[in-house]
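Participant: Below are the sequence and a predicted model for it; my questions follow.
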Amino acid sequence: YIFLDVMREDGIINKIRGGVVDACRIWAEEMRQTVRDEGVLIFFILVPLLYPLLYSWIYNNEVVRDVPVAVVDNSRTAMSREFVRHCDASPDVRVLCYASDMDEARALLSRQVVKGIYYLPSDFSTRLNRMEQTAVSVYCDMSLMLTYKAVYQTAMSVALDMNSQLQVKVAGNTTDREDLVTTSPMAVTPVPMFNPSGGYGSFILPAVLMLILQQTLVLGIGLSAGTARERNRYQDLIPFSRSYQGMFRIVMGKAMCYFMIYAVLGSYLSMIVPRLFHFVVLAEPSVLLAIMLPYIFASIFFGMVVSCMVRYRENVMLLVVFASVPLLFLSGVSWPQSNMPWYWECFSWLFPSTFGIRAYVRVNTLGASLYDVAFEYRALWVQAAAYFLLACLVYRHQIIQSRRHALDRLDYIRRRREVKRRLRERAARK
């Protein structure tokens, strides 16, 4: 019995040792193919390194300044000119020209010479002097939210300031304190906590960085899978080889290759890029590491599952590029998560980027702790485990398919040899 137990233990140890050796061989082969494939190198190295820098550089100014606007002043009075002067003095808006009428202003807006129009009616000052309410029409170009925000908020600020001056004139107060109470009976002090500049870069860049990590991983793994199928005679993902005869060793060998690359790139995207462009960084490195570890694993195994559906290299590019913008919306960054329909919320749980973006934004931008993002943290580990098992299942199917094709080929060769042998025997008899 002792001898049998020792033999069993030796058999198990040999199997484990063989699996580890095969996994290392698969890792080396996958790394070799990654270095040789220019397309995979572009999506694994160049895109994660350069695209965040380009995107961050574009939005490094955070806000837009001196947005050109046209003014249609039908009042032509001192008060209307004062309104226009105050708008032009603001840092966000620059009065480019005066238009004679709305048709001329619309023509300038349609040619993108200006981004907005201020229209002051002919009775602007008359109604104010009569203590009546007047209106200033603001026309904005809605194709870019940043210019819309600058044009509209400038007009609102100037209107509120002029309203305060009119209230002081009408009130007839005798002291500055009374004037202050009249114009602002309840003082409100806005304190931007997590985005002091109110910039677009600090708002959207953290989510984009996490999405870049997942999408480039899926693109690179998909391109590698497409190359493997194109080089295979039967378009199999797995070659018929001794090292590729176990699903766990295949999944672990490939995952080791991808993890070695993206452990470095994940640190670069989550820690270095935000500091290079002075975005908000409130997270501790240990907390970021705890978030990035399951996120990278979940993205790797998710990409391996997706790669099994790729037949040609071009297919994965169409699929992933098309899904990038919807995934950003589903993450809850650009649209409130609470206002999202339940079925879209459930659908978003299929993608690691949903929980990865939410956890990273709350930790890095809002200063949350790991306990505050416990739900997203656990969800990422659940996704990593689920996609790991699913990757093992789909690769097992690929192994069976590759083995079947190899056996069919072997049977074809045997039958062909048998036919040749019979033909030679017949020729010898004759």
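Facilitator: All right, it came through fine.

Participant: shaky segments in the stretch 1-150 of the chain?
Facilitator: 1-12, 14-16, 18, 60-62 (pLDDT under 70).

Participant: which residues does the closest residue to Ser369 other than its chain neighbours contact?
Facilitator: Spatial nearest neighbour of Ser369, chain neighbours left out: Val287 (6.9 Å); criterion: CB to CB, 6 or more residues apart in numbering. C-beta: built from backbone N, CA, C; applies to glycine. Val287 makes contact with Val363, Ser369, Leu370, according to CB atoms under 8 Å, 6 or more residues apart in numbering.

Participant: Which one of those is nearest to Cys346?
Facilitator: Val363 (24.1 Å; CB to CB).

Participant: State the distance from that closest one to Val280.
Facilitator: 11 Å (CB to CB, to the nearest Å).

Participant: One more: Val21?
Facilitator: Following CB to CB, the distance that separates Val21 from Val280 is 47 Å.

Participant: Neighbour count: the two, which is higher?
Facilitator: Neighbour totals were compared for Val21 and Val280, and Val280 leads with 21 against 12 (other CB atoms under 10 Å).

Participant: Phi first, then psi, for the closest residue to Thr77 other than its chain neighbours.
Facilitator: Computed as CB to CB, 6+ apart, the closest residue to Thr77 that is not its neighbour in sequence is Ser125, at 3.9 Å. Here is the backbone geometry of Ser125 (degrees, to the nearest 10): phi -70, psi -30.

Participant: Tell me who's in contact with Ser125.
Facilitator: By CB under 8 Å, 6+ apart, Ser125 lies in contact with Ser75, Thr77, Ala78, Met79, Ser80.

Participant: tell me which element the last one is part of?
Facilitator: Assessed by DSSP states H and E, Ser80 sits inside helix 78-89.

Participant: what about dumping the CA coordinates of that helix to PDB?
Facilitator: The C-alpha trace of helix 78-89 is given here as PDB (Å, rounded to 0.1, in the frame of the first residue of the first chain):
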ATOM      1  CA  ALA A  78     -25.900 102.000 -22.800                       C
ATOM      2  CA  MET A  79     -27.300  99.000 -20.900                       C
ATOM      3  CA  SER A  80     -27.200  96.600 -23.800                       C
ATOM      4  CA  ARG A  81     -23.600  97.700 -24.500                       C
ATOM      5  CA  GLU A  82     -22.800  97.100 -20.800                       C
ATOM      6  CA  PHE A  83     -24.100  93.600 -21.100                       C
ATOM      7  CA  VAL A  84     -22.000  92.900 -24.100                       C
ATOM      8  CA  ARG A  85     -18.900  94.400 -22.500                       C
ATOM      9  CA  HIS A  86     -19.300  92.200 -19.400                       C
ATOM     10  CA  CYS A  87     -19.600  89.100 -21.600                       C
ATOM     11  CA  ASP A  88     -16.500  90.100 -23.600                       C
ATOM     12  CA  ALA A  89     -14.600  90.700 -20.300                       C
END
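
Participant: buried sites along it?
Facilitator: Within helix 78-89, the residues scored as buried using 16 or more other CB atoms under 10 Å are Met79, Ser80, Phe83, Val84, His86, Cys87, Asp88.

Participant: Confirm for me that the third one is in contact with Pro121.
Facilitator: No: in this structure Phe83 lies outside contact range of Pro121 using CB atoms under 8 Å: 11.9 Å.

Participant: Okay, the nearest residue to Val95 once chain neighbours are set aside and Tyr59: tell me how far apart.
Facilitator: Once flanking residues are discounted, Val95 sits nearest to Asp88: 4.2 Å by CB to CB, 6+ apart. From Asp88 across to Tyr59, the span is 26 Å (CB to CB).

Participant: same thing with Tyr139?
Facilitator: Here Tyr139 is placed at a distance of 26 Å from Tyr59 (CB to CB).

Participant: now swap in Leu49 and tell me
Facilitator: Remark: distance between Leu49 and Tyr59 (CB to CB) = 18 Å.

Participant: Arg94 now?
Facilitator: Relative to Tyr59, and taking CB to CB, Arg94 is found at 21 Å.

Participant: Check His278 too.
Facilitator: Remark: distance between His278 and Tyr59 (CB to CB) = 12 Å.

Participant: Ser402 now?
Facilitator: In terms of CB to CB, Ser402 sits 47 Å off from Tyr59.

Participant: Same check on Val218?
Facilitator: 24 Å.

Participant: Mind naming the longest helix for this protein?
Facilitator: Across the chain, the longest stretch assigned as helix under DSSP state H is helix 374-429.

Participant: Would you state the helices of the stretch 201-350 of the chain in chain order?
Facilitator: Applying DSSP state H, counting those that start in this stretch to the stretch 201-350 of the chain gives helices spanning 247-267, 273-276, 285-307, 313-330, 342-348.

Participant: Show the average pLDDT along the third one.
Facilitator: Here helix 285-307 scores 91 as its mean pLDDT.

Participant: for the shortest one, same thing?
Facilitator: Per-residue confidence for helix 273-276 averages out to 86 on the pLDDT scale.

Participant: tell me which element Leu96 is part of?
Facilitator: Per DSSP H and E: Leu96 is located in strand 93-98.

Participant: now that strand and helix 78-89, what's the angle there?
Facilitator: On the basis of axes from the mean of the first three to the mean of the last three CA atoms, to 10 degrees, strand 93-98 is oriented at 130 degrees to helix 78-89.

Participant: Which SSE is immediately downstream of strand 93-98?
Facilitator: Next along from strand 93-98, by DSSP H and E: helix 102-110.
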